[in-house]
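# Quick one, structure for this:
(chains A and B)
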Amino acid sequence: METDLFESVTECGCAAKVPAQDLASLLRGVEVPADPAVLVGADTLDDAGVYQLSSEQCLVQTLDFFPPVARDPEDYGRIAAANSLSDVYAMGGRPLTALAIVCFPSKLVRQGILAAVTRGAVEKLREAGCVLLGGHSVVDPQPKFGLAVTGVIRPQEVLTNGAARPGDVLVLTKPLGTGVTIMAVRAGLASTEQERSVNRSMASLNAKAAELARRCGAVCATDVTGFGLLGHAMQLARASGVALEIGFDGVPLLDGAPGFAEQGLLSAAAYTNRDYVGDAVRFDDDVPLPARDLLFDPQTSGGLLICCPAERAAAFVGWAREEISTPFGVVGRVVEATGRALIVVRRRTRSPAEAGGDKP
Amino acid sequence: MKKTVDARGLACPQPVVLTLKALADAAEVTTIVDDQAAVENVTRLARSKGCSVAVAEKEDGIHLTLRREGAPAEPAVAEHVVVCSSSAAPAGPLVVFVPSDCFGRGPAELGERLMGAFFHSLLEVAPKPKTLIFMNSGVKLVVEGSRVLEDVRALAALGIEILVCGTCLGYFELTDKLGAGQISNMYDIATSLLEAGRIVEL
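Residues are numbered from 1 along each chain as shown, chains lettered A, B, ... in the order given. Presented below is the predicted three-dimensional model:
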């Protein structure tokens, strides 16, 4: 019998995240002791923590796990692994070791489902050159799986979400719409090809994207996951003290995603993200509702949002066309913070000439 | 015919899925939900299907009454009415039907150039169609290498539904070259054409 992991869950993937607002108030109540070796900690809401070991080396550490996002256990394992590894890539790091976090119903363990999930995860770890050291499992009626990943990085090569500079060009390296597409798959409204393409996108590693970020001299990047493109973009803008302009026409999308959004196949988390971003974003009037919704759609194992230095943007696009297997796009640019909206979303990206004539 | 869907306590996408099923054979559907995400999602569904929706908060939950445009309204039920389809007659969505890769009848080269100009203009003009249907040699317009592909993608990004005939792609051996839209079948295409308020054929 075919296993359909969706039958065992209510929330999917990164849509199952605790809302950012709740996390922020939680962290306010806890005093985390300061340590000079911590280069990136919990305060900037970055993708992974960075701890300096020596003048030459830092540890990059992250942990991520979530309920099933695919019907097939091996797909789920591949996606969970790619998603966990992504946080290390988003910091510019090289993943070395991983530990599995497993919460699973005994019945699915006996049926060999957990073994299949692990097989998928190990396949991706091997592709990343990362080893599985072990893990810990707990019996739980709702399955969850993920990895804690440790990597290394040189201190001067850390990509934070707090180093964007006005003029940088924003590139997104995977298509948006995993949230609505997973919903459509669960609703039986997605085609087989649409299901395949969302799984393929979620399971692809951000290794190459991180390598290109380094090659183009970027110092700022983040991966786009549960808080949606705008949630993560807002965190990046805040941490960097800049504002962003997004042009929807440049945003890569999964096939069918606008239609799914239009039909109301949004997860509750998409609305939570919209509330989280609140007034920080201003949409031009001609940006249609499905487009707005997709920018709040929680992503599972999304792409990297890279702030590419403007003079290398053309080169980046050329490399990405050759070397990145997922659709990517130039989605906007970094501008000076003006004290007005942190992010402006336009239907179309404006040419630099038009942008130069911007009036207050 | 009227139907009621009780979607209280159900996580998304269930309220949308159940409402969609009920709409298949009822002109008026009332869906009862108990959270805001479901209210927004069912409202979006109504809008995408050209239905009006009335929202009423009652003791047992939030009642969303979806009515196909054209179906007669029950008097004095709704506290707060949102009319979702365009008020312009005729009822039903605007569909653009593209059965050929050549615009009009005449030299192929000219037809191809006109086709490019048409899709480019479509990005600029209003009202936008709800659906674009590509059939027969029209499917060649939405495969890799087509000069209008970028514009069709931009239209898709605006939320316009792009249906591409799967049989036709297979006939021209272009299935793996599809660059925009979703592969569709005659059932869905026929439904779109028959439910259309207006069809523009190129």
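# For the chain, which segments count as strands?
As the question left the chain open, I've gone with chain A. Remark: strands assigned in chain A by DSSP state E are A:38-40, A:49-52, A:58-66, A:94-104, A:131-139, A:144-153, A:169-172, A:220-223, A:242-247, A:281-283, A:304-308, A:329-336, A:343-346.
# actually chain B
Assigned by DSSP E, chain B shows strands spanning B:2-6, B:28-33, B:51-58, B:61-68, B:80-82, B:94-98, B:131-134, B:161-165, B:182-184, B:198-201.
# and those strands, which one's lowest on average pLDDT?
Across those, strand B:80-82 has the smallest mean pLDDT, namely a mean of 42.
# contacting residues around B:C102?
Contacts here follow CB atoms under 8 Å, 6 or more residues apart in numbering or on different chains; on that basis B:C102 touches B:A108, B:G111, B:E112, B:M115, B:S137. Using the backbone N, CA and C atoms, a C-beta is placed for each residue, glycine as well.
# Could you give the backbone dihedrals for the closest residue to the third one other than its chain neighbours?
Once its chain neighbours are removed from consideration, B:E112 has its nearest residue in B:C102; the separation is 6.5 Å (CB to CB, 6 or more residues apart in numbering or on different chains). Dihedral angles of B:C102 (phi, psi; degrees, to the nearest 10) stand at phi -120, psi 130.
# next one: the one 4 residues further on
When quoted as degrees, to the nearest 10, the phi and psi of B:G106 stand at phi 160, psi -160.
# I'd like to know how many residues surround the nearest residue to A:K124 once chain neighbours are set aside.
In space, A:K124 comes closest to A:A81 once its chain neighbours are excluded; the distance is 3.8 Å by CB to CB, 6+ apart. By other CB atoms under 10 Å in any protein chain shown, 34 other residues sit near A:A81.
# Same question for A:R348.
When neighbours are defined as other CB under 10 Å, A:R348 has 15 of them.
# just checking, it touches A:E245?
No: counting by CB atoms under 8 Å, A:R348 stays clear of A:E245, with 11.1 Å between them.
# Let me see the domain layout of the chain.
As the question left the chain open, I've gone with chain A. Chain A is divided into the following domains under automatic domain parsing: A:5-157, A:169-356.
# sorry, should have said chain B
Listed by automatic domain parsing, the domain ranges of chain B are B:2-82, B:94-201.
# ok, back up a step: could you dump the strands of chain A to TSV with mean pLDDT?
Formatted as TSV, the strands of chain A follow (pLDDT from 0 to 100):
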stretch	mean pLDDT
strand A:38-40	88
strand A:49-52	93
strand A:58-66	94
strand A:94-104	97
strand A:131-139	95
strand A:144-153	97
strand A:169-172	97
strand A:220-223	94
strand A:242-247	97
strand A:281-283	96
strand A:304-308	97
strand A:329-336	96
strand A:343-346	96
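# so the nearest residue to B:K2 once chain neighbours are set aside bridges to which residues?
Distance criterion CB to CB, 6+ apart; nearest residue to B:K2, sequence neighbours excluded, is B:E28 at 4.6 Å. For B:E28, the beta-bridge partners under DSSP bridges are B:K2, B:R67.
# Show me which residues of chain B sit near chain A.
Where chain B comes near chain A, counting by CB under 8 Å from any CB of the partner chain, the residues are B:11-13, B:16-17, B:20, B:35-37, B:40-45, B:47-48, B:154, B:156-161, B:180-183.
# Does A:F66 touch A:P143 like I think?
No: assessed by CB under 8 Å, A:F66 is found out of contact with A:P143, at 9.8 Å.
# name the helices or strands packed onto the lengthiest helix in chain B?
Across chain B, the longest stretch assigned as helix under DSSP state H is helix B:108-122. Where contact means 3 or more CB pairs under 8 Å, 6 or more residues apart in numbering or on different chains; DSSP states H and E, helix B:108-122 is packed against helix B:149-157.
# The helix it packs on - contacts with which helices or strands?
When contacts are defined as 3+ CB pairs under 8 Å, 6+ apart, helix B:149-157 sits against helix B:108-122, strand B:161-165.
# what sits against the residue nearest to A:K124?
Residues near A:A81 by CB under 8 Å, 6+ apart: A:A98, A:G120, A:A121, A:V122, A:E123, A:K124, A:L125, A:A128, A:L147.
# Quickly note the distance from the fifth one to A:A82.
When distance is defined by CB to CB, to the nearest Å, A:E123 is 10 Å away from A:A82.
# Give me the neighbour count for A:D22.
A:D22 has 12 neighbours, counted by other CB under 10 Å.
# rewinding a little: among the domains of chain B, which is nearest A:V169?
With CB to CB, the closest approach to A:V169 among the domains of chain B belongs to domain B:94-201: 19.3 Å.
# residues in chain A within reach of chain B, list them.
A:10-11, A:183-184, A:186-189, A:191, A:193-194, A:248-249, A:251, A:253, A:255-256, A:258-259, A:261-268, A:270-271, A:288-291, A:293, A:347.
# coming back round to it: buried residues in the longest helix of chain B?
B:G111, B:E112, B:M115, B:G116, B:F118, B:F119, B:L122 (16 or more other CB atoms under 10 Å in any protein chain shown).
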